[in-house]
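Enquirer: Any chance you could fold what I've pasted below:
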Amino acid sequence: MNLASSTTSAGVTGPNWVLVVAAVLVAGLLLAGPALRRRYPATWWLLLGFPAAAFRVVRTWRPLMAGCRLAVSRRPALTVVSGLVGNGAPPPQPRVPRRGLIRPTSSGFVLLVRLLPGQVPEDFVKAAPAMAESWQVHAVRVTSWRPGVVRVVASAADPLAAPRVPKQRRPGHLLRVTVGALETGAAWVLDLRRVPHWLIVGATRSGKSTLINALVAGLAPQPVALVGIDCKGGMELSLYEPRLSALATNREQAVRLLAALVELTLDRMTACRAARVRNIWGLPDKERPVPVVVIVDEIAELFLVASRNEKDEAQAAGTALIRLAQLGAALGVFLVVAGQRVGSDLGPGVTALRAQLGGRVCHRVADPGTAEMALGDLNPDALKAAQAITPEQAGTAVLASGDGWERARSHLITEPEAEAVAAEYAHLTPVLSEVHVEAP
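Expert: I've put the predicted structure just below:
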């Protein structure tokens, strides 16, 4: 008896063993799927979720492109010729955009699509909701990748529903802080070296204070000076006072503090000119002054006026902030300006300051004018996304800069946690004698 007949008599051939093992593995994955999804969502996605989603993409690609009017019909003459020559054969299928390899990510997938002649990226942006429905994913974002090619990024679930909080806070790159998660699943990083000045707006309980908590908690372990301006009597920023090099709690103090910061930048400008460098980062390490991050909470309190004297103070504060925004990036002074309401009705100084703040974060706002002030000059799509944020989505925001826009959600850093971090790193607080503020 040969080996083949022996194997057959045993009842299972070699290829059948492979099928049995594969069936057992698939059945095991299906049974363990719910538990795997809860405990190891990334593993579940790669083993089960992504193959199913990729199959849906391949199966629906042609009808989806046709339904979204992204398919291009063949020339009528070719249709006629094909009918004559082919003895009634069906006409040629319409051309559809060429799809690249579907590559998985930790929470979705990405693919590149080559546009057909006459198509533009905006055609695919409009089709993104239909793609999400057909592929049964949470959301699809389409961006221009290079001329003639768009990048399609799909998120299997809402990564902003429960963003993962880092287990430990460790000093990383200077002036670079991870404050939350992006809609793509990537970390939301505020890098003040790359985008030096930020405007953060949001109504009460929208997540604005939580974002500031996360920013301060990330900057506290770093060798930077934190300066606060809180004209509501310090109710918000006094939590971080052990880690603040200076704190102004009313407009009179704020005007003096801002004037001192302007003088500080002028002194640094003189030092850079003497060393023949264009910014403080060109100075030797031992001679480089400490970076200063100025956090302004409730900017409206600086600009609201009720008398001539207050008008002069508001104008002085606005002028100083604009000068810091213009000079600060090269001289190591960075602005983070926050407010519940920021509108042109606060005066021309606010509009001029907004133009200097290249980074914008817009949470849910109580009036459309604030969202327009934050995002309207950067991206109309970002403005629409911000206006769609609901009260139930606390912490969710739209952030925009010259590089584009994203939906994001900050990590939940409570006030007691932020206060504890400030106290823990109080010994790192630099002494800035130039900006010391005394009570009036």
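Enquirer: hey, let's count contacts and neighbours off CA atoms from now on
Expert: Will do.
Enquirer: can you map out the helices along the chain?
Expert: Along the chain, the stretches classed as helices by DSSP state H are 3-10, 14-39, 41-44, 50-67, 76-85, 121-135, 208-219, 251-275, 300-303, 308-331, 348-356, 368-375, 380-387, 415-424.
Enquirer: ok, Leu258 touching Ile322?
Expert: No: in this structure, Leu258 is not within contact of Ile322 by CA atoms under 8 Å, at 10.3 Å.
Enquirer: which of these two has more neighbours?
Expert: Neighbours per residue (other CA atoms under 10 Å) separate Leu258 from Ile322, with Leu258 holding more: 23 against 20.
Enquirer: so how far is Gly328 from the residue nearest to the more buried one when sequence neighbours are not counted?
Expert: Using CA to CA, 6 or more residues apart in numbering and skipping the chain neighbours, the partner closest in space to Leu258 is Ala320 (5.9 Å). Ala320 sits 11 Å away from Gly328, taking CA to CA, to the nearest Å as the criterion.
Enquirer: re earlier: mean pLDDT and distance to Pro430 for the helices of the chain - can I get that in a markdown table?
Expert: Written out in a markdown table, the entries for the helices of the chain read as follows (pLDDT from 0 to 100; distance: least, CA to CA, whole Å):
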| stretch | mean pLDDT | distance to Pro430 |
| --- | --- | --- |
| helix 3-10 | 45 | 80 |
| helix 14-39 | 60 | 43 |
| helix 41-44 | 75 | 42 |
| helix 50-67 | 93 | 50 |
| helix 76-85 | 50 | 75 |
| helix 121-135 | 92 | 48 |
| helix 208-219 | 92 | 13 |
| helix 251-275 | 93 | 14 |
| helix 300-303 | 86 | 26 |
| helix 308-331 | 89 | 17 |
| helix 348-356 | 85 | 27 |
| helix 368-375 | 86 | 32 |
| helix 380-387 | 83 | 37 |
| helix 415-424 | 91 | 13 |
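Enquirer: who wins for proximity to Gly339 among these?
Expert: Set against Gly339 and scored by CA to CA, the helices of the chain come closest in helix 300-303, at 6.7 Å.
Enquirer: which helices and strands does the closest one pack with?
Expert: helix 308-331 (3 or more CA pairs under 8 Å, 6 or more residues apart in numbering; DSSP states H and E).
Enquirer: Quick check: the gap between Arg99 and Phe50.
Expert: According to CA to CA, Arg99 stands 17 Å off from Phe50.
Enquirer: between these two, which one's more packed in?
Expert: Residue environment comparison for Arg99 versus Phe50 gives the larger neighbour count to Phe50, 22 against 17, counting by other CA under 10 Å.
Enquirer: Enumerate every residue touching that one.
Expert: Phe50 makes contact with Pro104, Gly108, Phe109, according to CA atoms under 8 Å, 6 or more residues apart in numbering.
Enquirer: out of the helices of the chain, which comes closest to His173?
Expert: Within those, the stretch nearest His173 is helix 208-219; the backing value is 10.2 Å (CA to CA).
Enquirer: Tell me where the model's unsure across the stretch 151-300 of the chain.
Expert: Low-confidence segments of the stretch 151-300 of the chain, defined by pLDDT under 70, are located at 162-172.
Enquirer: could you pull out the strands for it?
Expert: Using DSSP state E, counting those that start in this stretch, the strands of the stretch 151-300 of the chain run over 176-182, 187-191, 198-201, 225-230, 244-248, 292-297.
Enquirer: and the longest one, what does it pack onto?
Expert: Helices and strands touching strand 176-182, as assessed by 3+ CA pairs under 8 Å, 6+ apart, comprise strand 187-191, helix 208-219, strand 404-410.
Enquirer: which of the ones you listed sits most buried?
Expert: Greatest average neighbour count among these goes to helix 208-219 (a mean of 24), per mean count of other CA atoms under 10 Å.
Enquirer: coming back round to it: neighbour count winner among Ala320 and Gly328?
Expert: Using other CA under 10 Å, the more surrounded residue of Ala320 and Gly328 is Gly328, with 27 against 22.
Enquirer: Skipping adjacent residues, who's closest to Thr429 in space?
Expert: Spatially, and ignoring its direct neighbours in sequence, Thr429 is nearest to Arg243 (5.3 Å; CA to CA, 6+ apart).
Enquirer: measure the one you found to Arg341 for me?
Expert: Between Arg243 and Arg341 the distance, using CA to CA, works out to 27 Å.
Enquirer: Likewise for Val110?
Expert: As for Val110, its distance to Arg341 is 37 Å (criterion: CA to CA).
Enquirer: cool, Leu247 as well?
Expert: The gap separating Leu247 from Arg341 is 22 Å, by CA to CA.
Enquirer: Comparing those two, which residue is more hemmed in?
Expert: The neighbour count for Leu247 versus Arg341, taken as other CA under 10 Å, is higher for Leu247 (27 against 22).
Enquirer: what's the closest residue in space to that one that isn't next to it in sequence in contact with, if anything?
Expert: Nearest residue to Leu247 in three dimensions, chain neighbours excluded: Gly228, at 4.6 Å (CA to CA, 6+ apart). Listed by CA under 8 Å, 6+ apart, the contact set of Gly228 reads Leu237, Leu244, Ala246, Leu247, Ala248, Val294, Ile295, Val296, Asp297.
Enquirer: Which strand residues bridge Gly228?
Expert: Going by DSSP bridges, Gly228 is paired in beta bridges with Leu247, Ile295.
Enquirer: Near Arg176, how many other residues are there?
Expert: Other residues close to Arg176 by other CA under 10 Å number 18.
Enquirer: and the closest residue to Arg141 other than its chain neighbours, how many neighbours?
Expert: Among residues not flanking Arg141 along the chain, Val153 sits closest, at 5.2 Å (CA to CA, 6+ apart). Burial measure for Val153: 22 neighbouring residues, criterion other CA under 10 Å.
Enquirer: Show the contacting residues for the residue lying closest to Asp367 once chain neighbours are set aside.
Expert: Counting by CA to CA, 6+ apart, the nearest residue to Asp367 once its immediate chain neighbours are dropped is Arg341, at 7.7 Å. Under the criterion of CA under 8 Å, 6+ apart, the contact list for Arg341 reads Val201, Gly202, Ala203, Glu298, Ala300, Val365, Ala366, Asp367, Thr370.
Enquirer: Apply 7 Å and report the result again.
Expert: Contacts were defined as CA atoms under 7 Å, 6 or more residues apart in numbering; by that measure Arg341 touches Val201, Ala300, Thr370.
Enquirer: List the buried residues of stretch 325-333.
Expert: Burial within stretch 325-333, assessed by neighbour count using 16 or more other CA atoms under 10 Å, is assigned to Ala325, Leu327, Gly328, Ala329, Ala330, Leu331, Gly332, Val333.
Enquirer: ignore the last one, stretch 383-400
Expert: For stretch 383-400, the neighbour count (16+ other CA under 10 Å) marks Leu383, Ala386, Gln387, Ile389, Gln393, Ala394, Gly395, Thr396, Ala397, Val398, Leu399, Ala400 as buried.
Enquirer: First-to-last residue distance for it?
Expert: Distances were taken as CA to CA; on that basis the terminal residues of stretch 383-400 are 10 Å apart.
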